[in-house]
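> Next come a sequence and a model predicted from it.
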Amino acid sequence: MTKTTRVMLAVLAVCGTSAAMAQSSVNVYGRINTTVEHQKIGADSKSVMNTNSSYLGFRGTEDLGNGLKAGFQLEGNFSSDDGSGAGGPGTGFDFKRHSEVNLSGSFGTVRLGNFYVGSYLATADYISMHNHDTGTSADALYAYVFPSGNQISYRSPDFGGVTAEFNYGFGEKGQRAGDSAVGLPGVSLASTPIGTAKVTGEHKGAFDAALNYNNGLLGLGLGYTQAKTEAATFDLKEQQLGLRASYTINSLTLGAYYQYYKADADVADTKRHAYRLAAMYTLGASEFHANVGRAQSYKGDLDGSKTSATQWTLGYNYNLSKRTKVYGYFTKINNGDDAAYGVTNAGDNFRSIAVGVRHLF
């Protein structure tokens, strides 16, 4: 092979690579978020180092022409305090946090896989401003009803600040077990079949719908979820409806959401109301945060139970750059005698004083 031929082949290879790169791109990104905390759970106290939903992600797009694009997004949690998988030492790394393939165009976006549903993102997550709704200061009162995985989603284009999203979860006659097992949020009642502990059941499908409005200083959100489970001893239908409003006035951002949760089962029917108020004030690189949430006691067949809870947090963030911040917070959950929000044993309270570092890449 002559020198000229080798040069021509090299140029062709570079041109081919450049054309491929013009059509597609892949980005590596993530978050490392670690705190040192002093916690008190019931009567027990301890000092710990915690990961706060640290993750590694990959996403990419390919331009298919005529305004059509294909994309993917993969995210996996890991424990930034010891480097292990999300499940702790001895567990492997996976993409259970987020896994999707999608097609997008002027019609909107169609997604397949596992991801947070729109009703949560439009309400509770939207006003969790101080630490991304992660760690011990995460919202412990919001009822996330949609079972994870096996989802198909459609997200509309933006119509004057309004977007809509619809999700369907395939039951596949699969078992809701482990973290996905059935149980009332925050309840630990020995006398109540659907409140004793999480119960394994067959996933019978789920539906989620959300609306978002964002136009300058005002933001509004609406979300609805329905999920059905067939357990060994009863059938359960869970529903939630959430509303959110947020508004920015100069350096002050205010947010609030309300959630109605209802569980209909063969053995008991019950419902609950919850709400949260949040505020953020920025001053240069500093952010001052405060939020308080309240879950009222369950009614219906659980009327008279002491299942109410209050959670509040005070926090401070100092942004060293757009990607790195140091922060601290104090958070506390006061549980009723029959409530177990953020704890294992009913009636225990929880509190934590934390300082941490968060870095995005």
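Nice, I can see it. These numbers were taken from a predicted model, which means no experiment stands behind them. Numbers count the residues shown, from 1 in each chain.
> how far away is the nearest residue in space to Tyr120 that is not next to it in sequence from Val28?
Setting aside the residues directly before and after it, Tyr120 is nearest to Tyr144 in space (C-beta to C-beta, 6 or more residues apart in numbering), at 5.9 Å. In this view, the C-beta of every residue, glycine as well, is placed from N, C-alpha and C. Distance of Tyr144 to Val28, given as C-beta to C-beta, to the nearest Å: 28 Å.
> Of the two, which one has the most company?
Tyr144 (16 against 10; other C-beta atoms under 10 Å).
> that's a strand at the more buried one, yeah?
No: counting by DSSP: H, G, I helix; E, B strand; the rest coil, Tyr144 falls outside a strand, being coil.
> about what we covered before: can you tell me how far the residue nearest to Tyr120 is from Glu287?
26 Å.
> Please apply the same query to Ser128.
13 Å.
> for Leu277, same thing?
17 Å.
> Of those two, which one has the most company?
Using other C-beta under 10 Å as the criterion, Leu277 and Glu287 rank with Glu287 on top: 20 against 15.
> what is the more buried one paired to in the beta sheet?
When assigned by DSSP bridges, Glu287 has beta-bridge partners Thr282, Asn317.
> That one is in contact with Tyr316, isn't it?
Yes: taking contacts as C-beta atoms under 8 Å, Glu287 lies within contact range of Tyr316: 7.0 Å.
> which neighbours do the two share?
Here Glu287 and Tyr316 share no contacting residue, scored by C-beta atoms under 8 Å, 6 or more residues apart in numbering.
> residue boundaries of the strands in the stretch 101-250 of the chain?
Secondary structure of the stretch 101-250 of the chain (DSSP state E, counting those that start in this stretch): strands located at 108-114, 151-155, 162-169, 175-176, 201-215, 218-231, 235-249.
> Adjacent strands (with direction) for the longest strand seen in the chain?
If you go by DSSP state E, the chain has its longest strand at strand 24-41. Sheet neighbours of strand 24-41, with direction, are listed as strand 44-51 (antiparallel), strand 55-65 (antiparallel), strand 350-360 (antiparallel) (DSSP bridges).
> Of all these, which one comes closest to Lys262?
When these are compared by C-beta to C-beta, strand 350-360 sits nearest Lys262, at 26.0 Å.
> Buried residues, that closest one. List them.
Buried residues in strand 350-360, defined by neighbour count with 16 or more other C-beta atoms under 10 Å: Phe350, Arg351, Ser352, Ile353, Ala354, Gly356, Val357, Arg358, His359.
> Kindly report the same for stretch 53-72.
Residues of stretch 53-72 classed as buried under the neighbour-count rule (16+ other C-beta under 10 Å) are Ser53, Ser54, Tyr55, Leu56, Gly57, Arg59, Thr61, Lys69, Gly71, Phe72.
> Ends of that stretch, what's the gap?
21 Å (C-alpha to C-alpha, to the nearest Å).
> middle-most residue in this structure, spatially?
The centroid of the chain falls nearest to Tyr116 when counting by C-alpha atoms, centre = their mean (5.7 Å).
> Once you drop chain neighbours, what's closest to it?
Per C-beta to C-beta, 6+ apart, closest to Tyr116 is Asp125, 7.2 Å.
> Next up, the contacts around the closest residue to Gly108 other than its chain neighbours.
Of all residues not flanking Gly108 in the chain, Ser156 sits nearest, at 4.7 Å (C-beta to C-beta, 6+ apart). When contacts are counted by C-beta under 8 Å, 6+ apart, Ser156 is found next to Gly108, Thr163, Ala164, Glu165.
> Buried ones among these?
Buried members of the contacts of Ser156, scored by 16+ other C-beta under 10 Å, are Thr163, Ala164, Glu165.
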